[in-house]
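Q: The amino acid sequence is not available; the structure is as follows:
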């Protein structure tokens, strides 16, 4: 038996094949998602990843018993997520599921246990669940994209940093001078920034790429440090909101347990410290636990659940 998991995000994509013994894993890397006038490129990326697997590992596709995709923007930027499910079925000829990336982040980070997971990658989204293996419903906070939300995510951090840099450039606040200098090193003169960012179909990823510069500056620059701490507080607010929404609506209680997931979450202690502080000050406090895995692990877990016949479908979150 072989499982296929695919993770498509704003900074890149990956596909993994997992053998039935759970020990043999093969991973393929692909491009990041773009948002074009015609819509998201998620379907194109998934199809291309599977095409490459068919070329390189044809026997594994014939042995598939479950396949799952976790993708950014699936509920908000893809007109019919059901089309993605049908595509997955045609390409793999096995039981499948497609889900928003926060669901696969949750399944990876908490290993199938209940609680809330805040995923901080290019974007930011939080979901909670009493325990995905049993009854209950997914609850989502944020994930509105780099123009309307994604509070605390990589694109949010990058955008806030560039705003701070331009305030220094305009003479409004000299505190952003160090970030301004770094912005010039990466993007060139500030006057050229709008033309470099606004027309890009992957502008969320471009903004998020600057978040790593902010992380590097934070050790010696107070403005960069403050942006990351604010990101942690925003992310924690989403975690608490997801837990509280679930408490008000679920017969099955959601454990006061949370994890941080995503590429940005593991790169900076400043963000993690402010995130933890908000959870510890909550009433009652929320237990912050280490992440057990990443969204690709979660996609593989979702594929296993589908193969086992677990009912996982929920409108706007998971499609089977």
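A: Looks like it came in fine. These figures come from a predicted structure and were not determined experimentally.

Q: Just the buried positions in stretch 31-39, please.
A: Buried positions in stretch 31-39, judged by neighbour count with 16 or more other C-beta atoms under 10 Å: 31-35. Every residue, glycine included, has its C-beta placed from N, CA and C.

Q: And residue 67, what's its pLDDT?
A: As predicted, residue 67 sits at a pLDDT of 92.

Q: Please list all residues in contact with it.
A: 3-6, 88, 92, 94-97, 303, 306 (C-beta atoms under 8 Å, 6 or more residues apart in numbering).

Q: Show me how to select, in PyMOL, the buried members of those.
A: Selection of buried members from these for PyMOL, criterion 16+ other C-beta under 10 Å:
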select buried, resi 3+4+5+6+88+92+94+95+96+97+303+306
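
Q: rewinding a little: tell me which of the buried residues of stretch 31-39 is nearest to residue 57?
A: residue 31 (19.5 Å; C-beta to C-beta).

Q: now the helices: where do they sit in the stretch 51-200 of the chain?
A: 58-62, 81-92, 101-109, 154-169, 177-187, 193-197 (DSSP state H, counting those that start in this stretch).

Q: Which of the ones you listed sits closest to residue 224?
A: That would be helix 177-187 among these, by C-beta to C-beta, at 6.0 Å.

Q: circling back to that earlier point, and the contacts of residue 67 as CSV, adding distance to residue 235 and pLDDT?
A: As requested, those are arranged in CSV below (distance: C-beta to C-beta, whole Å; pLDDT from 0 to 100):
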residue, distance to residue 235, pLDDT
3, 30, 90
4, 30, 91
5, 25, 93
6, 25, 92
88, 30, 87
92, 34, 85
94, 35, 87
95, 34, 85
96, 31, 91
97, 26, 92
303, 28, 92
306, 29, 89
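
Q: hmm, which two among the contacts of residue 67 are most spread apart?
A: Of all pairs in the contacts of residue 67, the most separated under C-beta to C-beta is 6 and 95 at 14.6 Å.

Q: quick revisit: wait, which of the contacts of residue 67 is closest to residue 209?
A: residue 6 (22.5 Å).

Q: Now do the contacts for that closest one.
A: 13-16, 46, 49-50, 67-71, 296, 299.

Q: Return the member of the residues you listed nearest to residue 235.
A: For the contacts of residue 6, the nearest to residue 235 is residue 70 (18.9 Å; C-beta to C-beta).

Q: Next, format the helices of the stretch 51-200 of the chain as TSV and append distance to residue 219.
A: Below are the helices of the stretch 51-200 of the chain laid out as TSV (distance: least, C-beta to C-beta, whole Å):
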stretch	distance to residue 219
helix 58-62	44
helix 81-92	41
helix 101-109	27
helix 154-169	15
helix 177-187	11
helix 193-197	25
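
Q: ranking the ones you listed by burial, who's on top?
A: Of those, the one with the most neighbours on average (mean count of other C-beta atoms under 10 Å) is helix 101-109, at a mean of 32.

Q: Any regions of the chain where pLDDT drops low?
A: Under the criterion of pLDDT under 70, the regions of the chain flagged as low confidence span 21-24, 75, 79, 132-135, 246-252, 268.

Q: between the lengthiest helix in the chain and helix 154-169, what angle do the directions make?
A: Longest helix in the chain, counting residues (DSSP state H): helix 222-249. Between the axes of helix 222-249 and helix 154-169, defined by axes from the mean of the first three to the mean of the last three C-alpha atoms, to 10 degrees, the angle is 140 degrees.

Q: And the helix or strand harbouring residue 16, what does it pack against?
A: Secondary structure from DSSP states H and E places residue 16 in strand 13-19. Packing contacts for strand 13-19, counted by 3 or more C-beta pairs under 8 Å, 6 or more residues apart in numbering; DSSP states H and E, involve strand 2-8, strand 25-30, helix 42-56, helix 295-307.

Q: Could you save these as a markdown table and add columns showing distance to residue 202?
A: Formatted as a markdown table, the helices and strands packed on strand 13-19 follow (distance: least, C-beta to C-beta, whole Å):
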| stretch | distance to residue 202 |
| --- | --- |
| strand 2-8 | 13 |
| strand 25-30 | 13 |
| helix 42-56 | 12 |
| helix 295-307 | 19 |
